[in-house]
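*Asks:* Structure, please.
(chains A and B)
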Number of protein chains: 2
Amino acid sequence: MFNAMLNPESVAVVGASHNPKKIGYVVVENLKNNNFQGKVYPINPKGGEILGFRVYPSIEDVPEEKIDLSVITLPAEVTVKIIGDVAKKSKFIIPIAGGFGELGEEGKKREEKLLEEAKKYGARIVGPNTVGIYVPRTGVNTALVVPERSGFPGDGDIAFITQSGALGLLTMDSVSLYDVGFSAFVNLGNRIDVNENELLEFFGSDEKSKVIIMYIESFRDGREFMKIAKRVSKKKPIVVLKAGRTSRGGRAASLHTGALGGSDAVADGAFKQCGVIRAYDEVELVDYARALAYGKPIKGDRIAVVTTAGGVGVVTTDYIESETPGIGMKMAELSDETKREIREEVVPFASVENPVDMTAQASDEHYDGVLEALNDDPNVNAILVYALFQTPLISEKLVDIITKWHRNGKKPMVVGSIGSDFALKMMRKFEKNRVPIYPTIERAVKALRVLRERAKILDYLEGSE
Amino acid sequence: MFNAMLNPESVAVVGASHNPKKIGYVVVENLKNNNFQGKVYPINPKGGEILGFRVYPSIEDVPEEKIDLSVITLPAEVTVKIIGDVAKKSKFIIPIAGGFGELGEEGKKREEKLLEEAKKYGARIVGPNTVGIYVPRTGVNTALVVPERSGFPGDGDIAFITQSGALGLLTMDSVSLYDVGFSAFVNLGNRIDVNENELLEFFGSDEKSKVIIMYIESFRDGREFMKIAKRVSKKKPIVVLKAGRTSRGGRAASLHTGALGGSDAVADGAFKQCGVIRAYDEVELVDYARALAYGKPIKGDRIAVVTTAGGVGVVTTDYIESETPGIGMKMAELSDETKREIREEVVPFASVENPVDMTAQASDEHYDGVLEALNDDPNVNAILVYALFQTPLISEKLVDIITKWHRNGKKPMVVGSIGSDFALKMMRKFEKNRVPIYPTIERAVKALRVLRERAKILDYLEGSE
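*Replies:* Coordinates of the predicted model:
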C-alpha cells in the first residue's frame, strides 16, 4: 500500500522554488540528481521552468488525475491553506515544515485541518515536521542536508522507520562510511496519520527489505505494534531503538516529539514476547540490522574464533565467555579431527586451540583451510573470523575466500576487521558482498549475540503458534 | 633510563639485508623514511651500502664505543650465536625473531643465553619475539607491517606498552583514521628482560607522555606493578586492558604469551586500589586515553548535553542516567538563569531543558552562546556537546568555538560527532586541537564516565597518602 509513496510514478513539489538556496529548489534538485525516473511536477504560481522541469502554477493544472506523492515545502501556515487542493490531487502528502503540534495548541489545530482535508479526499500524510522519505532505489529523497557534509547511503536491505529525522539522517550518514545500503527510510515526524505500525506491516511484506529497524520514542498503539511485530518477526527480523527508556530520557523525548514512554521493564518484556530485538544506540541499530539481514541465526552457544593476532583472540574470548562486559556465550571445544586438520594440513605453526591463532605468517590459503575445517566440526555453532590485512602474506583475495564460506558454508559467520584506510576499503567490499563485517572486537562479538537471539526468537515464535 | 632506546643517537641493524623483501632491509628503510636523525649502522658480512648507509661487516667494526640501540633481524638460532658481540657494543637490544620461549624448552634455553650475554655487558633486551618499538617523534620504528595496508600514527601524548605486538599495531592502525598520536609504543614480546613495570615508571616521568596505556595478559610482578602504578597515577592516568580475564580467555592468553592470569575480581580490586582505569577492548583503551590526556577530571555527576538533533539528546540522556547499559550519572538541572540566557539571548526556538536541543536551525554562534551559559551554571559538572556538521547554518568554525571552550572554559568537556567523510575530517581537527572527540553516542558518554572516575581516583589517592 505504500508503493505509490516509495516507488512513485509522479512527484509534485508544492512550493518549488527558482532560488537554489530554498528547500523548494533542493527537493527538485535531489529528484533530478538521484535519477528519479518518474514524472516531476514543480508547483509555483510564477510558472516557468526549474532544472528543466515545467513548473505548474497550481497543483490543479497538473495533467494527471492523481499524483502519487506530493511534497509540500511551504511554511506551516501556508501548508494549511493549500492542503485541500493538494489532498484532492494526491495519494500521499509529505508536509515538511515544522510549526505544528510540537508548538502547542495552535499547531495542533493546524494538524487537525491537515488531517481533515486528507481524509476528505482519501490522501495519506507522512509528517508534518519531518525530513520525509529517502528511497535510494527509486531516487526519491525529501531529506534536506548539506550534501558536501553528509554521506547518503545507496540501495540495500534495511528498511528504516524513525521518529527522529535528525538521528535517522546522522545514522545513515555515519554508516555510509562503510557503504551500508537501505531499502527505504521514512521519518514519521509528528505522525498525525501514517504511523510505524502500518509501515512495519508494509515492510514486513516488502521483498527488498530483509530487516526492519526503528527509532521510536513513543508507540502510537503499543498493542497493535506487538500484534504486527509478532507476525512480521516470523518472516524477518525487527530491531528497535526505544529511546526515552529512563525517566529523564522520557522527559527529553516528550519535549522532542511529545512522546510519553512507559516503563522500560514493561517495554523489554513486550519486545521479547513479540520477537523484537533491542538496540540501545545508533551504532547497534545498524550493526544488528546487518548481522540479521546478511547472516544466519546461530543455533547454539559455541563459537569458533579465527585470528592472526593472538591478542585479538584473547580479548574476543573474554567478551564471548563473560557476561559483563560480554555476551555470555561459549568458546567451542574443537574436535580432535579439526585440530589435526588445522595443524597437519593447514597451518603447522598455528595455535589449534580455539581461538585459532594463525599468527602473522598466515596466508589467504590458511584462512581457507581453517574455515573449511571449522565448517566440518559439529562442535562449532558459528564462526567469528578476523580479516586482518596488515601482514605480508594476506591479500585482497581474503575477501573472496571469506565471502565464499559465508555464502556456502554450513556455519553462520561474522567477520571482524581492525584498521584504517585499507581496512575500510576491504570492509566496503565485504559490505557489498553482504557479509556482516565489524570494525571492532566488541561490535563483532555483539553481532554474534544478536544472531543467537534471532534463533531463539524463531524457536519461541514457532512454539507460541 | 630508556632514553637511549626511544631517542637513540645511533641504531645498528644486525642482519641488515640488500634484499628489499627482507626484514633486515625494511627496518633500515623505516629509519630512513621516518627521518630518523641519528646514525644508522647496517651490519652484514657482505658489506657494501644499503639505502645510502655504509654497511659494516660486523658490529665490532662500528666506530662507536656503545651503540644506543641494536635491532637484530636474524632468526633465533643465529641471534643466539651473535648475541655476545651485539651485547658488548649496545645499550639496548631488540631481537625481533620468534623461536624462543613461546616454543618450549629449547627456546627457553635460547632466552637464557640472550639474557646471560646481555647481563655480562650491561645491555638491556626488549623481547625477543617482538615487533619492537615505534616512536613517531624520533622516527625509530622496528615494527614490520605492509605500509600500503596499515596506517601509522604521528606524534602524540599516549605512551603504549603492550604484550601483544599485533594487537598493538592493529590498535594504532585503527586510530590513525582519526589522526590520534602516540609518544611511544613498546611491544614487550617474550619479556625476558625489560618489563612493563620499568616502562611504567619511565613513562610516568616522561613529559611527552600525558597518559599511559597497557595491553597486558600477565603481570611480571603484580605487587611491584601496584606500587609503581599507585605512584604514577597521582601524576598521570594509567589505562590497562587486562586480557585473559575469563578462565577461557586466560587459557588463550597462556597459549599466546605464556601468561598465567589470576582471578579477575582480584585484578579489579587491585586496579581500583592503585588508581588504574580498566579498558575492556582496543577501542576503550585509546578512547579513554584521549579523554584522560586531553580532558579534565569531572568533579561531580551532573552532565549538561548540547545537541542539534533531538533524538541524539534522548539516547544520550538514557545512557547517562541508566546503569545498564549506561554510566549511572545524572543529567544536570540547569539553573533558571541558564535557561533564561539560552532562551532569550541565544536560541529562542531551542529546548532549554537539559539536553539542550538547538534544532537543525542552530548556528555556530548558538553553540558559542549555549556553551558560555552552561559554563557559568554551578549545577553543571561537565558538558557533552555534539558537533554535528550536517545542517545548513553550521560551518567548520564550530571546531574553533568548541576548542576555545574546551581550553578556556571552566567545565570539563567531551565532544561527540556522528557522520562519515566530512565529520571524519572535522574529528581530525578536533584531535589535532587535543579535544576528546568520539564518533558515537556511547563512546562519548563512556568518556564522561572515565573523566569522572579519574576525579575519584585523585581524591582517593590523596586520601590514602
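
*Asks:* Poorly predicted segments of chain A, please.
*Replies:* Scanning chain A for pLDDT under 70 picks out A:257-262, A:465.

*Asks:* how is it carved up into domains?
*Replies:* Chain A breaks down by automatic domain parsing into domains covering A:1-129, A:145-294, A:297-462.

*Asks:* Kindly present these as JSON lines, with separate columns for distance to chain B and mean neighbour count.
*Replies:* C-beta here means a position set from N, CA and C on the backbone, and glycine is covered the same way. As requested, the domains of chain A are exported to JSON lines (distance: least, Cβ to the nearest Cβ, whole Å; neighbours: other Cβ atoms under 10 Å in any protein chain shown):
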{"stretch": "domain A:1-129", "distance to chain B": "8", "mean neighbour count": "19"}
{"stretch": "domain A:145-294", "distance to chain B": "3", "mean neighbour count": "22"}
{"stretch": "domain A:297-462", "distance to chain B": "3", "mean neighbour count": "21"}
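
*Asks:* I'd like the ones you listed written out as CSV, with distance to residue B:151 added.
*Replies:* Listed next are the domains of chain A as CSV, based on distance: least, Cβ to Cβ, whole Å:
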stretch, distance to residue B:151
domain A:1-129, 33
domain A:145-294, 15
domain A:297-462, 4
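
*Asks:* Let me know which of those is the nearest to residue B:147.
*Replies:* With Cβ to Cβ as the measure, domain A:297-462 is the member of the domains of chain A nearest residue B:147 (9.7 Å).

*Asks:* where do the strands sit along the stretch 201-350 of chain A?
*Replies:* A:211-216, A:238-242, A:277-279, A:302-307, A:330-331 (DSSP state E, counting those that start in this stretch).

*Asks:* Residue B:379: which of the domains of chain A is closest?
*Replies:* Per Cβ to Cβ, nearest to residue B:379 of the domains of chain A: domain A:145-294, 14.3 Å.

*Asks:* Now do the end-to-end distance for that closest one.
*Replies:* 29 Å (Cα to Cα, to the nearest Å).

*Asks:* Over to stretch A:349-359?
*Replies:* 8 Å.

*Asks:* which other residues reach it?
*Replies:* With Cβ atoms under 8 Å, 6 or more residues apart in numbering or on different chains as the test, stretch A:349-359 has contacts from A:304-310, A:313-314, A:316-317, A:331-334, A:338-339, A:342-343, A:347, A:361-362, A:366-367, A:370, A:374, B:251-252, B:255-256.

*Asks:* Tell me which of the residues you listed fall in helices.
*Replies:* Using DSSP state H, the members of the contacts of stretch A:349-359 that fall in helices are A:310, A:313-314, A:316-317, A:338-339, A:366-367, A:370, A:374, B:251-252, B:255-256.

*Asks:* between those, which is nearest residue A:296?
*Replies:* Taking the ones in helices among the contacts of stretch A:349-359 together and measuring to residue A:296 by Cβ to Cβ, the closest member is residue A:374, at 14.7 Å.

*Asks:* quick one, what contacts the closest one?
*Replies:* Neighbours of residue A:374 in contact, by Cβ under 8 Å, 6+ apart: A:304, A:306, A:334, A:338, A:356, A:380, A:383, A:411.

*Asks:* May I ask which two of those are separated the most?
*Replies:* Of all the pairs that the contacts of residue A:374 form, the one spanning the most space (Cβ to Cβ) is A:356 and A:411, at 13.6 Å.

*Asks:* biggest helix in chain A by residues?
*Replies:* helix A:441-463.

*Asks:* What helices and strands are in contact with it?
*Replies:* Contact here means 3 or more Cβ pairs under 8 Å, 6 or more residues apart in numbering or on different chains; DSSP states H and E; on that basis helix A:441-463 packs against helix A:222-235, strand A:277-279, helix A:282-294, helix A:310-321, strand A:382-386, strand A:413-416, helix B:282-294.

*Asks:* so which of those gets nearest residue B:435?
*Replies:* Going by Cβ to Cβ, the one of those nearest residue B:435 is helix B:282-294, 6.2 Å.

*Asks:* ok, back up a step: could you dump the helices and strands packed on helix A:441-463 to CSV with distance to residue B:455?
*Replies:* What follows is the helices and strands packed on helix A:441-463, written out as CSV (distance: least, Cβ to Cβ, whole Å):
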stretch, distance to residue B:455
helix A:222-235, 41
strand A:277-279, 31
helix A:282-294, 27
helix A:310-321, 28
strand A:382-386, 36
strand A:413-416, 34
helix B:282-294, 11
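
*Asks:* quick revisit: and of the ones in helices among the contacts of stretch A:349-359, the nearest to residue A:142?
*Replies:* Checking the ones in helices among the contacts of stretch A:349-359 against residue A:142 with Cβ to Cβ, the nearest one is residue A:316 at 42.3 Å.

*Asks:* Endpoint to endpoint, stretch A:346-363 covers what distance?
*Replies:* This stretch, stretch A:346-363, spans 10 Å end to end (Cα to Cα).

*Asks:* now stretch A:39-49
*Replies:* Start-to-end, stretch A:39-49 (Cα to Cα) is 14 Å.

*Asks:* ok now it, how far from the chain's centre?
*Replies:* Computed by Cα atoms, centre = their mean, to the nearest Å, the chain-centroid distance of stretch A:39-49 equals 34 Å.

*Asks:* Please apply the same query to stretch A:91-99.
*Replies:* Using Cα atoms, centre = their mean, the offset of stretch A:91-99 from its chain centre is 23 Å.

*Asks:* Only C-alpha atoms, please: export that stretch in PDB.
*Replies:* Extracted C-alpha coordinates of stretch A:91-99, given in PDB (Å, rounded to 0.1, in the frame of the first residue of the first chain):
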ATOM      1  CA  LYS A  91      -2.300   9.800  -2.900                       C
ATOM      2  CA  PHE A  92       0.500  10.700  -0.400                       C
ATOM      3  CA  ILE A  93       1.400  14.000   1.000                       C
ATOM      4  CA  ILE A  94       4.600  15.000   2.900                       C
ATOM      5  CA  PRO A  95       4.400  18.400   4.600                       C
ATOM      6  CA  ILE A  96       8.000  19.100   5.600                       C
ATOM      7  CA  ALA A  97       7.600  22.200   7.700                       C
ATOM      8  CA  GLY A  98       7.600  22.400  11.400                       C
ATOM      9  CA  GLY A  99       5.200  24.700  13.300                       C
END
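
*Asks:* No more questions from me, cheers.
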